[in-house]
Structure formats: C-alpha cells, structure tokens
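*Asks:* Turn this into a model:
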Amino acid sequence: MTQRVAILLSGGGSNMVSLVDSMTGDHPARPCLVLSNNAGAGGLEKARARGVPTAVVDHRPYGEDRSAFEAALNAVLADHAPDILCLAGFMRVLTGGFVQEWQGRMLNIHPSLLPKYRGLHTHARALAAGDAEAGCTVHEVTPELDEGPMLGQARVPALPGDTPDSLAARVLAEEHVLYPAVLRRFAMNDRTPILLP
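*Replies:* Numbers count the residues shown, from 1 in each chain. Next up, the predicted model:
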C-alpha cells in the first residue's frame with residue numbers, strides 16, 4: 001500500500017523538492033500535501049509546480065498558544081490523511097502533544113551530526129569547535145528537540161577557510177541525497193540507519 005507523505009516547511013523548500021522528486025516510479029510513497037506556517041515560503045510555489053496540494057497555517061495569529069496552532073495544523077492534515085510527516089525546514093518547535101500524536105510517523109532533517117549541536121547555528125558551532133567534519137542527520141521526531149532515533153547521517157569534511165555559509169552549502173547537498181534515501185526505507189517500515197561517507 002502506498003504511503004501518503006505530508007511535508008512541512010517554512011522557507012525555500014529545497015529538501016521538499018528532493019523528497020517530492022524522489023517519490024516516483026516504484027517508490028513506496030507519494031506526496032499528498034506541502035504545508036507551511038509562512039504564506040510567503042518559496043517552497044509552496046515549487047510544490048504547486050510539481051502538482052502537490054499546498055496549504056498554509058500562519059502561526060502568528062495564535063501568538064503564544066502553540067496548542068491552538070497545532071490543532072489548526074492537525075485539522076488541515078486530517079483533510080489529506082498522511083501516513084508520514086516530513087519536517088523539511090519547518091521553523092516551529094512542536095509541542096509534546098503534537099509530537100506524541102504523530103510519533104513513529106514523523107521525520108526531521110537536522111544540519112549537524114547529532115547528538116552534536118542540537119538547535120540552531122549548527123555550522124558556526126562546528127567551526128568554532130574546530131571539528132574536522134560536519135554533516136546532517138535524519139531522525140524520528142520525539143518530544144525532546146533533535147533527540148529522536150537516528151535514521152541516517154551524511155558527513156562532509158570541514159575545510160580550511162570554511163565559513164558557516166560555505167559549510168552549510170556542502171551539507172545541504174548531502175541533505176538532498178540522504179533525506180530521500182531515508183524516506184524510501186522508512187516508507188517500507190525499515191528503520192535501519194543509512195550512513196553516507
């Protein structure tokens with residue numbers, strides 16, 4: 001049975017594009033929705049150009065009421081009945097209640113080699129620490145930020161003269177390979193981690 005995938009994003013949607021473009025042929029999943037908290041997110045137009053339904057739930061009218069925002073998210077998701085949620089640059093921290101509702105069915109990609117550098121500014125932190133390598137991690141989402149079971153990692157060397165932006169660009173190229181590979185395996189109920197050099 002084909003798995004239905006909803007992708008949540010806040011920005012340009014490059015990881016969404018890599019996911020959607022991978023879900024063809026004998027892939028066990030298909031995109032059913034791209035959902036954003038930002039009506040101006042560039043990823044929405046890219047999704048529409050690929051024939052994927054889109055929706056927006058702006059977080060701002062909800063203020064500090066995260067539960068109300070997430071209830072609105074869930075109402076939209078219910079209309080599209082996804083089996084799997086992929087967070088792809090969705091810049092809102094989700095509450096434990098929302099995560100628990102989707103736990104075991106929600107993936108995230110994070111731009112560091114977890115458990116290093118949870119949260120923001122990962123590339124600057126890796127460079128400041130003098131790390132020889134950086135990378136990205138796909139993990140299941142759990143209530144603790146960036147702490148769920150690891151499903152895949154890709155590594156890139158930190159080069160002399162790297163800036164956070166130059167390192168981020170090389171890591172992003174690996175994200176576009178890793179995330180689709182993990183999703184394909186996850187959609188077949190295989191949680192064996194994928195480790196890219």
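*Asks:* Residue ranges of each domain in this structure, please.
*Replies:* The chain is divided into the following domains under automatic domain parsing: 1-102, 108-197.
*Asks:* can you give me the offset of the longest helix seen in the chain from its chain's centre?
*Replies:* For the chain, the helix with the greatest residue count under DSSP state H is helix 164-187. How far helix 164-187 lies from its chain's middle: 10 Å, per CA atoms, centre = their mean, to the nearest Å.
*Asks:* next structured bit after it?
*Replies:* The helix or strand immediately downstream of helix 164-187 is strand 194-196, counting by DSSP states H and E.
*Asks:* which helices and strands does that next one pack with?
*Replies:* Where contact means 3 or more CB pairs under 8 Å, 6 or more residues apart in numbering; DSSP states H and E, strand 194-196 is packed against strand 150-157, helix 164-187. C-beta here means a position set from N, CA and C on the backbone, and glycine is covered the same way.
*Asks:* To Val5, which of the ones you listed lies closest?
*Replies:* helix 164-187 (7.1 Å; CB to CB).
*Asks:* Only alpha carbons, please: show the closest one as CSV.
*Replies:* What follows is helix 164-187, C-alpha atoms only, in CSV (Å, rounded to 0.1, in the frame of the first residue of the first chain):
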residue,chain,number,x,y,z
PRO,A,164,29.2,28.8,8.1
ASP,A,165,27.7,29.5,4.7
SER,A,166,30.2,27.5,2.7
LEU,A,167,29.9,24.6,5.1
ALA,A,168,26.1,24.8,5.0
ALA,A,169,26.1,24.7,1.2
ARG,A,170,28.1,21.4,1.2
VAL,A,171,26.0,19.9,3.9
LEU,A,172,22.8,20.9,2.1
ALA,A,173,23.9,19.0,-1.0
GLU,A,174,24.2,15.9,1.2
GLU,A,175,20.8,16.5,2.8
HIS,A,176,19.2,16.3,-0.6
VAL,A,177,20.7,12.8,-1.0
LEU,A,178,20.2,11.5,2.5
TYR,A,179,16.6,12.6,3.2
PRO,A,180,15.0,10.9,0.2
ALA,A,181,17.0,7.7,0.8
VAL,A,182,15.8,7.5,4.4
LEU,A,183,12.2,8.3,3.5
ARG,A,184,12.2,5.5,0.9
ARG,A,185,13.4,3.0,3.5
PHE,A,186,11.1,4.4,6.3
ALA,A,187,8.1,4.1,4.0
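*Asks:* tell me which element the closest residue to Thr163 other than its chain neighbours is part of?
*Replies:* Leaving out its chain neighbours, the residue that sits closest to Thr163 by CB to CB, 6 or more residues apart in numbering is Leu127, at 7.7 Å. Using DSSP H and E, Leu127 maps to helix 122-128.
*Asks:* Excluding its own residues, what touches that helix? List them.
*Replies:* 110-112, 116-117, 134, 158, 162-165, 167-168, 171 (CB atoms under 8 Å, 6 or more residues apart in numbering).
*Asks:* sorry, back to before: could you give me the buried positions within the longest helix of the chain?
*Replies:* 164, 167-168, 170-172, 174-187 (16 or more other CB atoms under 10 Å).
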